[in-house]
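Chemist: Kindly generate the corresponding structure for this input.
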Amino acid sequence: GSPQHASAPLFPDGSLVLYYSVSQGRWMPTRVVQWNTEHNCYHLECQPLAVVDKVAALHVGTPVEYWSNTMGGWVPAVIHGFEAAKCQYVTDVQPQADPWKLQLPQEPQAQQQQQQQQQQQQQ
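Modeler: Numbers count the residues shown, from 1 in each chain. Take a look at the predicted model:
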């Protein structure tokens, strides 16, 4: 068999990935729930049986948020690439970002409300 045979998944559970939706005709961000060994495909949040060639790393330039243990929270980041051998994203804030430590940017209003609530609690 070829080394490209998908006996083992590239993206671990929880990874932020893109899924090509035929019905929508575009790549959509989603998250890996788990690898389906029976069907040799991904179970994604948006699609329970996603074939491997319709799942990809986020595109270069995608704005994301990275969970920083150092900062103790989510920090804005931009995808600069993907290291398939290590299954890690290259971002502007972390050159070895695990794909389960990334999320899409949350609504600014929600962040502002959280900050306002925290400020009110501190007063």
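Chemist: okay, CA-based contacts and neighbour counts for the rest of this
Modeler: Will do.
Chemist: Grab the most central residue of the chain for me.
Modeler: Centroid-nearest residue in the chain, with CA atoms, centre = their mean: L16, separated by 1.4 Å.
Chemist: Touching, that residue and L102? I think so.
Modeler: Yes. If you go by CA atoms under 8 Å, L16 and L102 touch, sitting 6.3 Å apart.
Chemist: Show me what the residue nearest to the centre of the chain is bridged to.
Modeler: Counting by DSSP bridges, L16 forms beta bridges with R31.
Chemist: Contacts only, for it.
Modeler: If a contact means CA atoms under 8 Å, 6 or more residues apart in numbering, then L16 has 29-32, 57-58, 99-100, 102-103 as its contacts.
Chemist: what comes into contact with stretch 87-97?
Modeler: Outside stretch 87-97, the residues within contact range by CA under 8 Å, 6+ apart are 10-11, 66, 77-83, 98-99.
Chemist: Just want to check the distance between the residue nearest to the centre of the chain and V93.
Modeler: Distance of L16 to V93, computed by CA to CA, to the nearest Å: 17 Å.
Chemist: where exactly do the helices run in the protein?
Modeler: Along the chain, counting by DSSP state H, helices occupy 108-122.
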